[in-house]
Structure formats: structure tokens, C-alpha cells
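Student: structure of the sequence below:
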Amino acid sequence: MKNWSNTYEYTAPRVEAPESVDELRRVVAGAERIRPLGSRHSFNGLADTPGTLVDMTALPVEVEVDAAAGTATVSGGTRYGVVAAALDEAGFALHNMGSLPHISVAGATATGTHGSGVGNGNLSSAVRGLELVTPDGDLRRVTADDPELDGSVVALGALGPAVRLTLAIQPRYLVRQDTYRGLSWDTLLGSFREVAGGAYSISVFTNWTEPHVEQLWVKRRVDADDTAVPDEYFGAIRDLEERPELVPGVTDNLTRRGVVVPWHFGLPHFRLDVPPSAGNEIQSEYFVAIDDAGPALGAVRALADRIAPHLVVSELRTMTADGLWLSPAFGRDSLAIHFTFANHPDEVLALLPAIEEALAPFAPRPHWGKLNRVDPDGFADAYPRLGDQRALVLRHDPEGKFRNEYVERVLGLGARSELPEVSAPVGR
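Tutor: Okay, the predicted model is just below:
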């Protein structure tokens, strides 16, 4: 079995797909080593195990709205697009969506996956509680007032499968997204926070080699009759294409531009009803402080000639700081520098250390579910609460049922000499 993009092959000898929470509990209780698996959107060994993979997507879909509390409790294996449609029908919305509505709620929040917007927290920041399966198959609830919540949300699956999560919701709203072209690099590097903060959610797309930014996707919260859209944005000119080409040759899987739509059709980049992106790709991503955006992007751009031959597209996104211990946005407003690479595994593995070295002065934090070569010895400096996270994992899973080599390596558990240097993608 491979991941969503066919570039990582799982080594687990056994896969279970329980169809009820009780069945899931029995599977967990009877396993020696086990890891939860969602939409298979990781590009490294994060979800892998030498034991049993438990497919959470077979569990029943649950979306229960508590309007008075301003929350919704949802099943962890359910895709965001399914949850969003149910919330919208009930008159509610989430504050943010990832670019792919295909990802599962539990998997996305466990890895600090995001979306974009200078004023928007990542998807994990909406979690107000969760229900986990313990190593012996019991259910453990972590509530909003539990001091362990900040260590239990972005926990890399190391505290057990999350069967239900309680998310903050708000009244439904409308979004219009427009594409702009021709933003100058000087403007972006010199005024990044202003450019990124000029609308509710903004994404910048580049291949690093052009003298200007290729595309700027501007997503505004609007009223139904709001038709006043500027034709220029920081010198970039509005493109009237309904679905601009993002991945070469692929346009019909994108959400629409130039129209007012419900929030869950406007915030994601891709449609739920078709496969997203290009497939057969490798992804990497690094988070730095927004205040370092100019020099950090300049450092990456200096590598453009080395990056371009292996790149499909890069996306720049933002998020506000949060207090989740392993969140890539912990304690700082963040810029995410994302790379969608072609399936060139050897070349990408050789290229990543150069990118990471260029970003080293800016204390980069890699996305937990994407390919990187970052030395875990540096994680203690990048994540001030890493020691607390390690203690939390050891307290609730002392025997390591939910851990694998990847988790042990990044949390500083186990002997470094016994752990792999990197979880490599599969060949072309």
C-alpha cells in the first residue's frame, strides 16, 4: 500500500479497517505495535509501523453540532470536505481549510496542517477537545480545560488514534477568490506581511526562477452582493481565468475564481470530488517566522537553479501563532514555504539539505508529514515544549505501542544509532 501520491510505500505487514469504534478498540488492545492511518497524505514514514496500520477512514461519519457551545464534534477519520459540507448545511463554518479538502481531520490536526491567512490559526488551533483510544483499548477524553490539551492535539499519533475531535465553529460565511499575476519579488520580499495580510487568506505560487511571482491567490470573506473587486493588488494584475493552470496541464480539479461561493468551496484550492494536485509527487515544507520572510525567501531563491529542475510548484502560506506544543506555528506567526516536487526521490533527497542549510539562520520547522532531512537534535531548540511532549507520550504510552522509528527519532526516544536517517520515498 502506498500513500496518496504513490511516492511512499508503507512497510506495515498488516492493515485493519475497523467499521466501529468498539472494533477499533479491540484492534488496538490486541496489537503489539499500531499506528493510525488517515487519508495517507504523509510523504514520509510518520504513519508507518512494523506492526499494524489501522485505517481510520472506514469508521462511521459523525458531525454533531453544539450551537450553544460554538463547537462541533466530528469523527477523526472523516475528510474535511465532508465535515465542512455538513457544517455549512447546518449554518456553520470552520475558521480555516487546507488546500485539499480530502485530508482527514485527525491526521491533519495531528501534524499541524494548516491553510493560510495571517490572522488564521492552523487547522489544529480549532481543536477544543478529543477522544483517544488508549493502549489497552479504553477511551480517554481530553477536554478544553485539560492542561494536557496543548500536547494532545499535534501529537503525531503517539497518544493513540483520535476517534472524535471537538472543533470550534462559527456562522457560515461566503468567500470570493481571485488570481493576480505579476507581483514583483521586490514587493513581496520588502512587504511580505502587508501582502500576505491584505485579505482573509492568501497563497503565493512560484517556481523561484521568474523575475516576478507567478500567481497570487487572494481569498476574501464577502457578502453575497459584494462585486467590488480590485483589478490590482500590490502591483499585480487580476487574472480573469476561472480556473488558472497551477500544475502544468491540470486545471479542472481547482476550485473556481471570480465568483462568490460558500466558505468550504472557496478556501480550499482543490475540489473534493476529483483527485487533487498532480499526484505522483513528493512534498516538503518548512515554517519560519513571518518577520523573517524577506531574508528567508531570498535565501531559497538563491537556490532557484537547483530547485527548478525537480519542482512542480512552490506555495507560500501564513498562519498566526498558537500554543500547541508540537505545532510548527508554536509561539510565532509563521510563513510556510512549501515545495511540490516531481517524483525524483534521489535528487530531492540530495537537494533538501541545501534548502535546509539556506533556511538554518531562521530556525526552520519542517512539516511533520512531509519529506525532510532536518537533524532531530535541533528539535529541542525549535520546540521549547518538546521535553513536556516527550513526558506526555511516555506517561500515556510507556511501552511505545503507538510509536514508530520516526516518532522516536523526532521526540528523542531510543538510540539515534538504531534509527534511520530519513524515511525515503519510493522510486519513480
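
Student: name the helix or strand of the protein that has the lowest mean pLDDT.
Tutor: helix 379-382 (a mean of 87; mean pLDDT, DSSP states H and E).

Student: mind checking how far that one is from the chain centre?
Tutor: 20 Å (CA atoms, centre = their mean, to the nearest Å).

Student: buried set for the helix or strand hosting residue 395?
Tutor: Assigned by DSSP states H and E, residue 395 falls within helix 386-396. Within helix 386-396, the residues that qualify as buried are 386, 389-390, 392-393, 396, counting by 16 or more other CB atoms under 10 Å. Using the backbone N, CA and C atoms, a C-beta is placed for each residue, glycine as well.

Student: go on, stretch 66-74?
Tutor: 71-74.

Student: stretch 287-296 too?
Tutor: Quick answer for stretch 287-296 (16+ other CB under 10 Å): 287-290, 292-294, 296.

Student: apart from its neighbours in sequence, what residue is nearest residue 108?
Tutor: residue 123 (5.1 Å; CB to CB, 6 or more residues apart in numbering).

Student: so the one you found makes contact with residue 115?
Tutor: Yes - assessed by CB atoms under 8 Å, residue 123 is found in contact with residue 115 at 6.3 Å.

Student: where do the contact lists of the two overlap?
Tutor: Shared contacts of residue 123 and residue 115, defined by CB atoms under 8 Å, 6 or more residues apart in numbering, are found at 96-98.

Student: let's have the residues you listed in a markdown table, adding neighbour count, distance to residue 39 and pLDDT.
Tutor: Formatted as a markdown table, those follow (neighbours: other CB atoms under 10 Å; distance: CB to CB, whole Å; pLDDT from 0 to 100):
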| residue | neighbour count | distance to residue 39 | pLDDT |
| --- | --- | --- | --- |
| 96 | 24 | 17 | 97 |
| 97 | 29 | 14 | 97 |
| 98 | 22 | 11 | 95 |
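
Student: can I get those residues in TSV with secondary structure and distance to residue 270?
Tutor: Formatted as TSV, the shared contacts of residue 123 and residue 115 follow (DSSP: H, G, I helix; E, B strand; the rest coil; distance: CB to CB, whole Å):
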residue	secondary structure	distance to residue 270
96	coil	15
97	coil	10
98	coil	9
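
Student: average pLDDT for the helix holding residue 395?
Tutor: Taken as a whole, helix 386-396 carries a mean pLDDT of 97.

Student: packing partners of the helix or strand following that helix?
Tutor: Downstream of helix 386-396, the first helix or strand assigned by DSSP H and E is helix 405-411. Under the contact criterion of 3 or more CB pairs under 8 Å, 6 or more residues apart in numbering; DSSP states H and E, helix 405-411 touches helix 386-396.

Student: who's in contact with the helix it packs on?
Tutor: With CB under 8 Å, 6+ apart, helix 386-396 has contacts from 134-135, 140, 148, 151-152, 155, 158-160, 325-326, 379-380, 383, 403, 407, 411-413.

Student: buried subset of the residues you listed?
Tutor: 134-135, 148, 151-152, 155, 158-160, 325-326, 379, 383, 403, 407, 411, 413.

Student: show me these that map onto helices.
Tutor: Secondary structure from DSSP state H places 151-152, 379, 407, 411 of these in helices.

Student: who's in contact with the closest residue to residue 364 other than its chain neighbours?
Tutor: Once flanking residues are discounted, residue 364 sits nearest to residue 286: 4.1 Å by CB to CB, 6+ apart. By CB under 8 Å, 6+ apart, the contact list for residue 286 reads 336-337, 355-356, 359, 364-367, 372.

Student: from those, which is closest to residue 183?
Tutor: Distance to residue 183 across the contacts of residue 286 (CB to CB) is lowest for residue 337, with 16.3 Å.

Student: the closest one and residue 297, how far apart?
Tutor: 7 Å (CB to CB, to the nearest Å).

Student: now for the least confident helix or strand of the chain, which elements pack on it?
Tutor: helix 386-396.
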